[in-house]
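*Asks:* have a look; sequence and predicted model below, questions after that.
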Amino acid sequence: MVNRGWRSWGPPVLLILPSLILIGVFVYGLIGVNFNTSLTDQHHRIGGDVAYVGFDNYKTLFQDDTFVYSLKNLLKYTGAFLVGTLVMGFIWAWLLEKGVKGEGFFRAVYLFPMAVSFIASGVVWRWLLNNAEGDRAGGLNRLFDQVGLGFLQNQWWTDPQWGVVAIALPAIWQLSGYVMALFLAGFRGIPDELREAARVDGASEWQLYRHVIFPQLSPVALSAIVIVGHMSLKVFDLIMAIAGQTNYTTQVPAIQMWVEFTRGDYARSAAIGTILLVIVAFLIIPYLVYTYRQERLTR
Amino acid sequence: MNRTRRALSALVAAGALVLLAACGGSDSEGNNDTSSNGDAASGEVEVFTWWAEGSEKAGLDALVAVFNDQYPDIKFVNGAVAGGAGSDAKNVLASRLQTNDPPGTFQAHAGAELTDYINNGQIEDLTQMYEDNGWNDYFPQTLLDRLEQDGKIYSVPSNIHRANVVWANPAVLKDAGVDPEATYASLDDWISDLQKIKAKGLIPLSIATDWTQVHLFETVLLADLGADAYNGLWDGTTDWAGDEVGAALEDYQTLFELTNQDRQSLDWPDATQLVIDGDAAFNVMGDWAVAAFEEQGKKLGTDYLAYPVPGTDGVFDFLADSFTLPVGAPDPATTEAWLSTVASPEGQTAFNMKKGSIPANTQADTSGFGDYQQTAIESYANDDIVSSLAHGAAAPISWLTDITSAVAKYGSTGDLGGFQDDLAAAAEKNAG
């Protein structure tokens, strides 16, 4: 009996054991170490004695105006990025679905930006979003000037209130194609029979979308939100490439984590890391629960 | 239909892969694994710097040529890590020191920046080496004072830079009706001329991203407070929250409002280029900027002017690069060979000729140096010496980081009162 049980579950366990150990140590173990560091007073590179200070580091962070500002920035950025990619991605997918000529070409064009790394595209967008105005304007400001839309010239990412939203432009440019591909797959996954059945029942085009197509697309939309959302919360490389690490108007927690790490304030840096993890978990865990339930239902 | 669907799912899968690659790609940092087999017999020394391009790279190459001459049996291994004005290199270095994998020698700014390494017990005391080689007589006492901590010396300086220099374009000044020959006794005199240039629609004072703003800020503090009170900022005798600093901040505000507004998109070479091209009248930058003028065939006195920041005449705002002997270096003998090349008159002449700085070693031959460098050599010998904030000589990195954040925040919000509060808080947090 024992023997039979071992035979049935032993080999699979042995097979995944290496990954279990590696993930246990290098993911969960290190999350634990990071959290542990965030509870200490290790504010410099010197090793030596470190004492536990409980949640003091978190308290100082949330009392720090700059950190609160960076959290707000993250919220604005995520909002702009999510709405931007979902709207653009959906419109492109919808146009292709409607039957635009040369679909293969457009698909490639829209998806292509994703092949470029954030750092590489950031270098180009740094120039496009140059905030000089008038004679010395470059990039988009220059373009606006030349086509007679001079009033559109603006400060881009140096504006203290909405500057961080300018950083979302290149991010939207890069990820919209991916969301388009997701939605297009969603559209194509809806059997024609359903649409025909709805039309036979006398549904108008709007009703067809409202009651037949959108409900079928919602799992796709949810995946898109989770994928784009967690990327957005971790934004780092794009800002480093465009604005640099010390620029105030584009401060987000990941950048601050880097700055604190660079100066050797490991406890604070670890605390910011933990906060980021918690924020991402707020998005990912409900999604995992949802997909798990879905899979159990379909099984 | 089915084919399209399959093609699409392949497309999505490919997209996901690309996405993963894009996420993973960003952490491929330059990894220098060269030191792991640094056994004594192989006779090599890994020199860790952030001198990877421009005049800095040219200087390093010239220094290496002298090293190969003096020690033909030792192999030079370039451990340069580019980017981030040195901050990327410092992160790589910190992790290597922590894992007991130090390079043969690493570059660090002389002065307060070394404090962290000393407190961590990561670099060796070189006092004995100085005595054995007689370096105490070669280097000026003012410099030795800045290298010394608790009576010990931990690094060998390769050069000396001056931070408080104004670069000006005389043609622009003439056009705006400002006398290019004018000398300014104080910031106020200078500001009134800057305003004339602004009225002409040109950029009075060019500036770039945050660290160059810290650089300007430091020279304004120096101009308004004077050398003694400026030094007091770092040992606690000058009050950051006091009126003296407050008045300096107001001057900084005035100057800041006379700068170009696309500052955040530029780095220092871009800001200097504005002066070279005649788009801006003045720029405050360290004397490494001289290389940019000379590379483009500009002549001191006719095509560009260089003098101390108004109000800081007679003060030399100093910074220096230096090399260390890390604790546990793979082969201390080769490191010492490198250090002695760095200290040697030949090495200093070759290096500083290219980098635009002046030799720390007074025995070095400076006859072939450029016009600007000759003036710097003279000033260094006669002026009061103070330590630069923006370049790691005056305050530890942690304090500098806090001041940089405060300057960057002020640059966006324009809140002068908040600026002073932030500075005072930073001083309280980091001093003592």
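*Replies:* In hand now; what should we look at?
*Asks:* who's in contact with residue B:285?
*Replies:* Shown in contact with residue B:285 (Cβ atoms under 8 Å, 6 or more residues apart in numbering or on different chains): B:165, B:167, B:212, B:215, B:268, B:271, B:272. Any C-beta I mention is one placed from the backbone N, CA and C, and that applies to glycine too.
*Asks:* cool, residue A:110 as well?
*Replies:* A:92, A:176, A:177, A:180, A:181.
*Asks:* which members of the residues you listed are positioned in helices?
*Replies:* Counting by DSSP state H, the contacts of residue A:110 place A:92, A:176, A:177, A:180, A:181 in helices.
*Asks:* filter the residues you listed by proximity to chain B?
*Replies:* Among those, the ones lying near chain B by Cβ under 8 Å from any Cβ of the partner chain are A:177, A:181.
*Asks:* I'd like the ones in helices among the contacts of residue A:110 as JSON lines, with pLDDT and neighbour count appended.
*Replies:* Shown next, in JSON lines, are these (pLDDT from 0 to 100; neighbours: other Cβ atoms under 10 Å in any protein chain shown):
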{"residue": "A:92", "pLDDT": "92", "neighbour count": "23"}
{"residue": "A:176", "pLDDT": "94", "neighbour count": "25"}
{"residue": "A:177", "pLDDT": "93", "neighbour count": "26"}
{"residue": "A:180", "pLDDT": "94", "neighbour count": "27"}
{"residue": "A:181", "pLDDT": "93", "neighbour count": "27"}
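*Asks:* any chance of the ones in helices among the contacts of residue A:110 in TSV, plus distance to residue A:233?
*Replies:* Output for those, formatted as TSV (distance: Cβ to Cβ, whole Å):
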residue	distance to residue A:233
A:92	24
A:176	18
A:177	21
A:180	22
A:181	22
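*Asks:* residue B:189: which of the ones in helices among the contacts of residue A:110 is nearest?
*Replies:* Nearest to residue B:189 among the ones in helices among the contacts of residue A:110 is residue A:176, at 54.9 Å by Cβ to Cβ.
*Asks:* mind pulling up the pLDDT for the nearest residue to the closest one once chain neighbours are set aside?
*Replies:* Distances taken as Cβ to Cβ, 6 or more residues apart in numbering or on different chains put residue A:88 closest to residue A:176, at 3.9 Å, once the chain neighbours are dropped. Here, the pLDDT recorded for residue A:88 equals 95.
*Asks:* tell me which residue in chain A sits closest to chain B.
*Replies:* Nearest residue of chain A to chain B (Cβ to the nearest Cβ) works out as residue A:132 at 3.6 Å.
*Asks:* on the three-state scheme, that residue is what?
*Replies:* Put simply, residue A:132 is coil when judged by DSSP: H, G, I helix; E, B strand; the rest coil.
*Asks:* thought it was touching residue B:266?
*Replies:* No: in this structure, residue A:132 is not within contact of residue B:266 by Cβ atoms under 8 Å, at 9.1 Å.
*Asks:* okay, and the common contacts of those two?
*Replies:* Common contact partners of residue A:132 and residue B:266 (Cβ under 8 Å, 6+ apart): residue B:260.
*Asks:* quick one, what contacts the closest residue to chain A within the stretch 101-250 of chain B?
*Replies:* Residue of the stretch 101-250 of chain B nearest chain A, by Cβ to the nearest Cβ: residue B:210 (4.1 Å). By Cβ under 8 Å, 6+ apart, the contact set of residue B:210 is A:244, A:246, A:247, B:264, B:404, B:407, B:408, B:411.
*Asks:* could you rerun that using 7 Å?
*Replies:* A:246, A:247, B:404, B:407, B:408 (Cβ atoms under 7 Å, 6 or more residues apart in numbering or on different chains).
*Asks:* quick one, which of those has the minimum pLDDT?
*Replies:* Lowest in pLDDT among those is residue A:246, which has 88.
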